[in-house]
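Test case, fold it:
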Amino acid sequence: MSNDQTTRDKPWIFRTYAGHSTARDSNALYRANLARGQTGLSVAFDLPTQTGYDSDSPLARGEVGKVGVPISHIGDMRALFDGIPLDTMNTSMTINATAAWLLALYVATADEQGADRKALSGTTQNDIIKEYLSRGTYVFPPVPSMKLTTDTIGWTYRELPRWNPMNVCSYHLQEAGATPVQELAFALANAIAILDAVKAGGGVPDEDFPTVVGRISFFVNSGIRFITEIAKMRAFVDMWDEITQSRYGVEDPKFRRFRYGVQVNSLGLTEQQPENNVYRILIEMLGVVLSKDARARAVQLPAWNEALGLPRPWDQQWSLRMQQIVAYETDLLEYGDIFAGSTEMNRKVEALKEEARAELARIDDMGGALAAIDNSYMKRALVESNTRRLESIERGELKVIGVNAYTDSEPSPLATGEGTIQTVPEHVEREQIERLNAWRADRDNEAVQSALAELRSAAQEGRNVMEPSIACAKAGVTTGEWGETLREVYGQYRAPTGVGRSARADTDGLDEVQASVDAVSGKIGRRIKILVGKPGLDGHSNGAEQIAVRARDAGMEVVYEGIRLTPAEIVNAALEESVHVVGLSILSGSHVPLVRDVMERMRASGIDDVPVVVGGIIPAEDEKALKAMGVAAVYTPKDFQLNAIMADIVRIVEAGSEKAA
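Numbering: from 1, shown residues only. As a prediction, this is how the structure comes out:
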């Protein structure tokens, strides 16, 4: 292809994943980002919104506005998109269990703006299977959850023909430790399960099915091994084309295209020497834009300081500029696929495809992706591969610059002093609850109850819930009311943890820790018992799982019941199990209020002599606050040596037992 400027390809959509504090604050951020050249929106919702609770729910305490924007009703959605015409905007919403509801609020808001529904473009992630495996913001059991997903698919292809109703999300699979082969196989197995459910549901006529296939998109992760990542994306393109043609008989090539958006890897961002993250983000972006035949349709990049806390608008702008420089200043978009005909790339692509096909066959033999969730096969595989990854970093086999190699460093002027991250003040939650109460007081409660009754009937009768949900949105129903109504019909669910009971035999490097566990266990008269707890709504369980696995392999007795436990449930478990130490894992930024709650309940229950340790993305000033509450130790992403953490916990237990004696 000529490098004449007139032949340049159109760049991908530039996004920034954003939302925090309040709808009005987030709206101001969106409008500023759009003014700086962002071409699409990517909305982050807070955890209560993602899990179907109102901001005043006891389960929402400490979580409101922390990892995203709270959307409790259509008034919040109006404020979120104030001054942003939805019929000309491409909006991606990272929402899964409650996707049908947030889409209903979005459509109701667009209706108020006078937008033509057929002009609305964007994506609801709406991938419930990966929630059971990695992210953890599921609500309902798998079967009704799949029904909600297929309801949105069956409704949008008719009503919102430019909308992607589902974004098969392999991003969080890689964050949970997936290898490239697992990312390929598990994501494609997920997509197959969804399309099979659409077919079996009977809501889409056979002649329309190719159109539905053409609206399924993907959301992937791109890691630091960018040659492998390019090969992975080319393998995705080939395998999706094969599956849609051979399994579903889709003949039109445009409906078989592998369309995807991407956020590059946040798992590899480091707290140590965080300025190095800028290079990592750029290299990871190249993995999804260099190959024209497998180029992303939309890209959003994390900020360099996300291992430290919530990025500021300037940090997000820096990542946006990275995209713009590659798209507009380089000649990347002037050429065809630069890997076409590459012997080395073809070899790698074929190897990935061969392994991924074998993994897909294994899952298919089990009965598909849902069966592989129920029997914990995929979850166990992710926990095990993440364990191997972390162990290779601990041993120095996998080098991470600034972490286990070249650790001598000048202090970073970017990461020192006040204001290096954005924080969400605690008054945000109180004010959001006040607005929510005012909203409930001002609405027509008879209309609300009527709309909820119709939603309940639709769910009970197996009808599509989208139109009743839109009616609920317009009547002023809240997120918690929509969620509670469907919980009453569908029930709630707790997914397998993937953490086995028995210790592994290959515990290389743990001899010294195991010996100390045995010694202290002998001293206190029984095996050291640790409770690993996930208080609040944070579903990022990778860290908790790895701590539980390593403690088990070190010889401790482990109590780990999974995600989303209340402080009361954690304290009750600590009492009932007579544990020697409580470890809390919180990555949502809500560590201060949640840990305070746990500590106060332990004190009231008479077990304040049991030491508490905390892990998460915790700024230095918050670490001081936690230790002032009595927390024995705080661990952040810089503490990657799990054996050292285990040894530390054993010392804490020993010191506590001596003090009690």
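
just for the stretch 451-600 of the chain, where's the confidence low?
The stretch 451-600 of the chain contains residues with pLDDT under 70 at 498, 500-508.

quick one: Ser145 and Thr137 touch, right?
No: contact criterion Cβ atoms under 8 Å: Ser145 and Thr137 do not qualify, at 11.2 Å. To be clear about C-beta, it is placed using only N, CA and C from the backbone, and glycine gets the same treatment.

Just the CA coordinates for stretch 654-661, please, in CSV.
Only the C-alpha atoms of stretch 654-661 are listed here, as CSV (Å, rounded to 0.1, in the frame of the first residue of the first chain):
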residue,chain,number,x,y,z
GLU,A,654,3.5,-16.3,67.5
ALA,A,655,3.8,-12.8,69.0
GLY,A,656,0.0,-12.7,69.6
SER,A,657,0.0,-16.1,71.3
GLU,A,658,2.9,-15.0,73.6
LYS,A,659,1.1,-11.8,74.4
ALA,A,660,-2.1,-13.6,75.2
ALA,A,661,-0.2,-16.1,77.4
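
Name the helix or strand for Gly122, please.
Gly122 is located in strand 121-124, with elements delineated by DSSP states H and E.

quick one, what contacts Leu29?
Leu29 makes contacts with 18-20, 313, as judged by Cβ atoms under 8 Å, 6 or more residues apart in numbering.

meant to ask about Glu183
Counting by Cβ under 8 Å, 6+ apart, Glu183 touches 170, 173-174, 220-221, 232.

Let me have those residues in CSV, adding secondary structure, distance to Arg456 and pLDDT as columns.
As requested, the contacts of Glu183 are exported to CSV (DSSP: H, G, I helix; E, B strand; the rest coil; distance: Cβ to Cβ, whole Å; pLDDT from 0 to 100):
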residue, secondary structure, distance to Arg456, pLDDT
Ser170, coil, 34, 93
Leu173, helix, 34, 93
Gln174, helix, 38, 92
Val220, strand, 37, 96
Asn221, strand, 38, 95
Lys232, helix, 43, 98
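
Now the common contact residues for Ser145 and Thr137.
In contact with both Ser145 and Thr137: Ala97, using Cβ under 8 Å, 6+ apart.

Of the contacts of Leu29, which belong to strands?
Under the assignment DSSP state E, these contribute Ala18 to strands.

Next, the contact list for the closest residue to Leu105 other than its chain neighbours, please.
Nearest non-adjacent residue to Leu105, counting by Cβ to Cβ, 6 or more residues apart in numbering: Met77, 4.4 Å away. Listed by Cβ under 8 Å, 6+ apart, the contact set of Met77 reads 23, 71, 105-106, 108-109, 473.

Which SSE is immediately downstream of the helix or strand in which Met77 is found?
Assessed by DSSP H and E, Met77 sits inside helix 74-80. Heading C-terminal from helix 74-80, the first helix or strand you meet, by DSSP H and E, is strand 90-94.

which residues are contacting the following helix or strand past that following strand?
Downstream of strand 90-94, the first helix or strand assigned by DSSP H and E is helix 99-113. For helix 99-113, contacts defined as Cβ under 8 Å, 6+ apart pick out 45, 49, 52, 71, 73-74, 77-78, 81, 85-87, 91, 93, 95, 117, 120, 124-126, 148-149, 151-152, 156, 160, 165, 465-466, 469-470, 472-474, 479, 482-483.

quick one, strands of the stretch 451-600 of the chain?
529-533, 557-560, 581-585 (DSSP state E, counting those that start in this stretch).

packing partners for the first one?
Think strand 529-533. If contacts are counted by 3 or more Cβ pairs under 8 Å, 6 or more residues apart in numbering; DSSP states H and E, strand 529-533 sits against helix 542-553, strand 557-560, helix 567-577, strand 581-585.

mind checking the SS state of Ala44?
strand (DSSP: H, G, I helix; E, B strand; the rest coil).

Could you verify my assumption that it touches Gly19?
Yes: Ala44 lies in contact with Gly19 (Cβ under 8 Å); the separation is 3.9 Å.

ok, the two, which is more surrounded?
Applying other Cβ atoms under 10 Å to Ala44 and Gly19 shows that Gly19 carries more neighbours, namely 28 against 18.
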